[in-house]
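In: Sequence and predicted model, in that order:
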Amino acid sequence: MMEQLKHLFLLLFNKKRDSVAKKSGYTYRLPGRPLQKKRTGRTFLLLLVLLGITLLGVIFFLPFSLQDIGKLIKLPLSSLQNRSLKHHAQGDSQAGLESESSSEQEEGPILRGTIYDRNMEEMAVSYRLFSLFVQPTELANRHAAAKQLALILNMDKEHILQRLQYAEDHVELANDLEIRQVEELEQLHLSGVYCRPRDVRYYPDHAVAGQILGFVSGHTGLSGVEALYDVVVEPGEFRQVNIPAVDFSGYDILGKTVSDIVLTVDMSLQRQLDVALDEYRQRKGASSGSAIAIKPDTGQIVAMVSQPGFDPNYFWQTDEQSGHDALFAPRYHQDLLRPLLVQATALLENSMKPVLPVTVSTPDYGLPRRLLHDYWLKLGFRQPVPDFLPVSSSQDEKFFTPGTDGTHTLEDVFGSSEMLGPMQMIYGVATLLNSGYRVMPWLLHGVYDHHEKRFFLHDNNAFPRKRMLPPVQGIWLRRELLKDSSFSQDEGFLFAHSVSTTSQQNGLSVHHIQEVLLTAVPQEQPEVLLLLTVDYGTLDPYPPEVEHRNVGGLLGVGRNLLPLLLQHAGTVQDFTKSFTKPIPEKNAANLRRYFLSKKLSSTEVKKSLVHTEPIMPSLIGLSLRKGLQQINSYNIKVRIQGSGRIVEQKPAAGELLNETENCELILERK
């Protein structure tokens, strides 16, 4: 019995000692562990004294036998032993959490994968940042706390104090904090101050590649590459069936931690084409346009610009559907390519002999319309190009009116079968200039698996070429077209044309002018093919502030672009060398750009709200995109639950937003 009593008191003593030893003050763990203070009381000594008095009283006043006394001691003893075992089990579990947290702090949090261009420039990158919350009622001294927080947050002390002075519930004091700031906050040992992590997705080039990349909401890619390869860049495993265009090199599963993807896009060329197209549109008053550069032998996309632009950092401000249609929708008349097709048809029909120049008396070399139509089909100009980039807005706002079977024909949209999309146009022209092969578009060159620490490259057999012309005929046609005086330049191939056309949209006739520019370099064997299209949306007369419209201006743009394309032609062959190097660290300059863009955006919003009384609009029944567009100018944080249309909102419609910092939108499905 004495041994049991000794064991009982040792358990109580050890429990107290462990409790005291585990007073660690403020703790900080990633991800999402708040800054908090562990509180312990001094009740164990009192319990020990009370237990001793109780035992003595029971022994003195009640006639228990020694066996009964032994049972009485065993009862609390077994209870304490059970609690001790449970405590150790919880300790082991907590140790596991601590180990996992420590590992995460050493290796970094697992975030959505980065999207790189062919030169390993970041096109889309995720950061783990933090929001700072304060529970004012737990602060011992609000003035002192405000002074300390102001130094770390780079905020005005009086502004912080004003927000804390009268608040009863927790206050979100700051967001987009770096881990450095969080560690400094931890060292303040302020009760009631805690941080919550949040992942942000940033697109450093904003609208330059917005149509390619799409955007993310929550942790889900909703359009563009973000949606197309969502299962790859989101942390977690994926299989060959999820991304069949990549060679798994014998692996069954990839992505055990996180994976990055590398596109075939060259961001340097993408930026330069974006500037060139925008300047031309501004000078000529064009409403929309696109520029697509590909490698004609393989079909890989080197650049793809769509204007008006779409900034995925603020996806709710614009509708990316219009930019998507500028690339894929059949909105350009096939007569834009008619001179090129007529030349190719005449060469093929003349038994591989040079043809005489076309004359007024014999337009189109006297070729019948039916024959030209047959060559449209034979050379693949009418073949559809897969619309491989998802668009989120099409889920809520249909651009096309569906037929009875849910499909969309050219006649449904424009009332004519003579319309082509820019993607159709450039891949049709590629057949003429690559010796008669039909190639398909692709832009994923590889995946980097962080767990395996290696690249997995594009499978060259994923998109096999299809021969459209016999080999000898295809090679001869390419050579004749490239050396034709109508298209030949010193540096490469150059073609421009303009048409006036009429299309039917929603039962109305729309008249507009369209232009096309084609360039290919080098002249002997093109490695880069560029298609640039513009749509003016109107007929002449045009506004007096814009330049005169003719193909001469477009040819000038082409001549300026030829040296640029020649410069990039060699890099198209050599960019696979990037995959022999390890994946680079995240670019610190892009993180600084992110913080700068947030500050500029906030400043612009504040200026726009001067002398206004913001009121919460009614969002019930709207799509998420339209709802975000309604409240974008109020600079409030939005929490979203579910998917579909908005069914509930907080604050309610009509409430003043002067002091409101957060808004919650409840969607149809959770």
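Out: Received the coordinates, thanks.

In: if I look at the residue sitting nearest the centre point of the chain, how far off is D459?
Out: The centroid of the chain falls nearest to F215 when counting by C-alpha atoms, centre = their mean (3.7 Å). Noted for F215: a distance of 28 Å to D459, by C-beta to C-beta, to the nearest Å. C-betas here are computed from N, CA, C, even on glycine.

In: Likewise for L185?
Out: Per C-beta to C-beta, L185 is found 49 Å from D459.

In: do the same with H512
Out: Per C-beta to C-beta, H512 is found 42 Å from D459.

In: which of those two has more neighbours?
Out: Neighbours per residue (other C-beta atoms under 10 Å) separate H512 from D459, with H512 holding more: 19 against 15.

In: so is the more buried one in a helix, a strand, or just coil?
Out: Using DSSP: H, G, I helix; E, B strand; the rest coil, the structure places H512 in strand.

In: tell me the contacts of the residue lying closest to it once chain neighbours are set aside?
Out: Of all residues beyond its chain neighbours, the one nearest H512 is G537 (5.0 Å), with distances taken as C-beta to C-beta, 6 or more residues apart in numbering. Residues near G537 by C-beta atoms under 8 Å, 6 or more residues apart in numbering: A286, S287, S288, V510, H512.

In: Can you name the two of the residues you listed that sit furthest apart?
Out: Largest separation among the contacts of G537 by C-beta to C-beta: A286 and V510, giving 15.0 Å.

In: and the two? which has more neighbours close in?
Out: Counted by other C-beta under 10 Å, A286 and V510 do not tie: A286 has more neighbours, with 25 against 14.

In: hmm, back to that, within the helices and strands, which one has the residue nearest to H512?
Out: Here G537, judged by DSSP states H and E, is contained in no helix and no strand.

In: Tell me where the model's unsure across the stretch 201-350 of the chain.
Out: Along the stretch 201-350 of the chain, segments meeting pLDDT under 70 span 318-320.

In: please redo it, this time with the cut-off set to 90
Out: Along the stretch 201-350 of the chain, segments meeting pLDDT under 90 span 207, 211, 215-223, 282-288, 308-332, 343, 346-350.

In: what ranges do the helices span in it?
Out: Secondary structure of the stretch 201-350 of the chain, counting by DSSP state H, counting those that start in this stretch: helices at 210-213, 224-228, 230-233, 267-284, 320-328, 338-349.

In: by contact count, what packs against the fourth one?
Out: For helix 267-284, the helices and strands in contact under the criterion 3 or more C-beta pairs under 8 Å, 6 or more residues apart in numbering; DSSP states H and E are strand 288-294, strand 301-307, strand 528-535, helix 551-574.

In: Could the C-alpha coordinates of that helix be exported in CSV?
Out: Output of helix 267-284 as CSV, limited to C-alpha atoms (Å, rounded to 0.1, in the frame of the first residue of the first chain):
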residue,chain,number,x,y,z
MET,A,267,7.1,36.0,-72.5
SER,A,268,9.6,38.3,-74.1
LEU,A,269,8.0,37.9,-77.5
GLN,A,270,4.6,38.0,-75.9
ARG,A,271,5.2,41.4,-74.4
GLN,A,272,6.6,42.8,-77.6
LEU,A,273,3.7,41.6,-79.7
ASP,A,274,1.3,43.0,-77.1
VAL,A,275,2.9,46.4,-77.4
ALA,A,276,3.0,46.3,-81.2
LEU,A,277,-0.7,45.3,-81.5
ASP,A,278,-1.9,47.8,-78.9
GLU,A,279,0.0,50.7,-80.6
TYR,A,280,-1.4,49.8,-84.0
ARG,A,281,-5.0,49.5,-82.6
GLN,A,282,-4.7,52.9,-81.0
ARG,A,283,-3.4,54.6,-84.1
LYS,A,284,-6.0,53.0,-86.4
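
In: now it: how far from the chain's centre is it?
Out: 22 Å (C-alpha atoms, centre = their mean, to the nearest Å).

In: Kindly report the same for stretch 469-486.
Out: 41 Å.

In: does Q629 sit in a helix or strand, and which one?
Out: Applying DSSP H and E as the criterion places Q629 in helix 624-631.

In: which residues sit against that helix?
Out: Residues outside helix 624-631 that contact it (C-beta under 8 Å, 6+ apart) are 217, 315-317, 319, 392-393, 396, 616-617, 619, 622, 638, 640, 643-646, 649, 663, 665, 667.

In: now those residues: which count as buried?
Out: Using 16 or more other C-beta atoms under 10 Å as the burial test, these include 217, 315-316, 319, 392-393, 616, 619, 622, 638, 640, 645-646, 649, 663, 665, 667 as buried.

In: Show me the helices in the stretch 401-550 of the chain, by range?
Out: According to DSSP H, counting those that start in this stretch, the helices that the stretch 401-550 of the chain contains are 410-414, 422-433, 471-483.

In: Pick the most deeply packed of these.
Out: Across the helices of the stretch 401-550 of the chain, averaging neighbours per residue (mean count of other C-beta atoms under 10 Å) puts helix 422-433 on top, at a mean of 25.

In: quick check: mean pLDDT across it?
Out: For helix 422-433, mean pLDDT rounds to 94.

In: quick check: angle from that helix to strand 288-294?
Out: Using axes from the mean of the first three to the mean of the last three C-alpha atoms, to 10 degrees, one finds that helix 422-433 and strand 288-294 are set 40 degrees apart in direction.

In: Around the nearest residue to V516 once chain neighbours are set aside, how many other residues sit close by?
Out: Using C-beta to C-beta, 6+ apart and skipping the chain neighbours, the partner closest in space to V516 is L336 (4.2 Å). Neighbour count for L336, taken as other C-beta under 10 Å: 22.

In: Distance check, L336 against V551.
Out: 11 Å.

In: any shared contact partners between those two?
Out: H497, S498, E515.

In: Who wins on neighbours among those residues?
Out: Highest count within the shared contacts of L336 and V551 by other C-beta under 10 Å belongs to E515, 25 neighbours.

In: Make sure that one is actually in contact with V551.
Out: Yes. Between E515 and V551 there is a contact at 6.6 Å, judged by C-beta atoms under 8 Å.

In: anything in contact with each of the two?
Out: A496, H497, S498.

In: Pull the contacting residues for the last one.
Out: The neighbourhood of S498, defined by C-beta under 8 Å, 6+ apart, consists of L336, I513, Q514, E515, V516, R549, N550, V551, L554.

In: swap in the second one?
Out: H497 makes contact with L336, L337, R338, P339, L340, E515, V516, V551, according to C-beta under 8 Å, 6+ apart.

In: rerun at 6 Å
Out: L336, P339, V516 (C-beta atoms under 6 Å, 6 or more residues apart in numbering).

In: Out of these, which comes closest to T264?
Out: Among the contacts of H497, V516 lies closest to T264 (C-beta to C-beta), at 23.3 Å.

In: which ones are touching that closest one?
Out: V516 touches L336, H497, T533, counting by C-beta under 6 Å, 6+ apart.

In: Could you rerun that using 7 Å?
Out: With C-beta atoms under 7 Å, 6 or more residues apart in numbering as the criterion, the residues that contact V516 are L336, L337, A496, H497, L531, T533.

In: thinking the second one is in contact with M425, fair?
Out: Yes. Taking C-beta atoms under 7 Å as the definition, L337 is a contact partner of M425 at 6.3 Å.

In: G421 against A329, yeah?
Out: Yes. The criterion here is C-beta under 7 Å, and G421 meets it with A329 at 5.6 Å.

In: measure stretch 564-583 end to end?
Out: Distance between the two ends of stretch 564-583: 28 Å, counting by C-alpha to C-alpha, to the nearest Å.

In: Sketch out the low-pLDDT regions of the stretch 401-550 of the chain for me.
Out: Ranges of the stretch 401-550 of the chain meeting pLDDT under 90: 401-420, 460-464, 480-492, 500-513, 522-525, 536-550.
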